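Visitor: I'd like to go over a predicted model; first the sequence, then the structure.
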Amino acid sequence: MTIETFAEMLRVQQIEGLRARGLDCGANVSGCEISVRPGKKYTKVDVGRSGKYMVVNDTGEIFGIKAYGVIHRGHAFGTLDTAERWDWSGYRAVPRQSGPSQD
């Protein structure tokens with residue numbers, strides 16, 4: 001997955017999360033605009049006016065942030081290739097629940 005595809009998926013799921021919680025007024029939805037800011041080592045992915053995630057350019061790993069421009073290695077969210085395994089609709093991404101096993 002490209003960073004642009006990830007950003008669009010993040011935007012859509014953020015809006016879906018607002019709708020599910022009944023918070024989808026115009027002001028909240030407009031706050032879900034995604035900005036992608038490429039850098040030398042990391043690409044910053046901002047939601048609204050706030051920094052939210054950083055992607056390591058070399059590996060595609062996705063991390064939360066400690067402060068703007070500083071990754072939080074304790075908040076790892078997989079890679080761009082595994083981003084669909086996460087639910088991005090809330091304040092912080094969580095792994096998607098897998099369906100029942102087929103034993």
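Guide: In hand now; what should we look at? Numbers count the residues shown, from 1 in each chain.

Visitor: hmm, which helix or strand of the protein has the shakiest average pLDDT?
Guide: Across the helices and strands of the chain, mean pLDDT, DSSP states H and E gives its lowest value to helix 26-30, namely a mean of 83.

Visitor: residues of the following helix or strand past that helix that come out buried?
Guide: Next along the chain after helix 26-30, taking DSSP states H and E as the criterion, comes strand 34-38. By neighbour count with 16 or more other CB atoms under 10 Å, strand 34-38 contains the buried residues I34. All C-beta atoms are positioned from the backbone trio N, CA, C, and that covers glycine.

Visitor: ok, now stretch 25-34?
Guide: C32, I34.

Visitor: which helices and strands sit right next to the longest helix along the chain?
Guide: Looking across the chain with DSSP state H, the single longest helix is helix 3-20. Using 3 or more CB pairs under 8 Å, 6 or more residues apart in numbering; DSSP states H and E, the elements in contact with helix 3-20 are helix 26-30, strand 34-38, strand 42-47, strand 50-56.

Visitor: Report the distance from that helix to the chain centre.
Guide: 8 Å (CA atoms, centre = their mean, to the nearest Å).

Visitor: what do you get for stretch 7-26?
Guide: For stretch 7-26, the gap between its own C-alpha mean and the chain's C-alpha mean amounts to 12 Å (CA atoms, centre = their mean).

Visitor: Give the buried residues for it.
Guide: By neighbour count with 16+ other CB under 10 Å, stretch 7-26 contains the buried residues A7, M9, L10, R11, Q13, Q14, I15, G17, L18.
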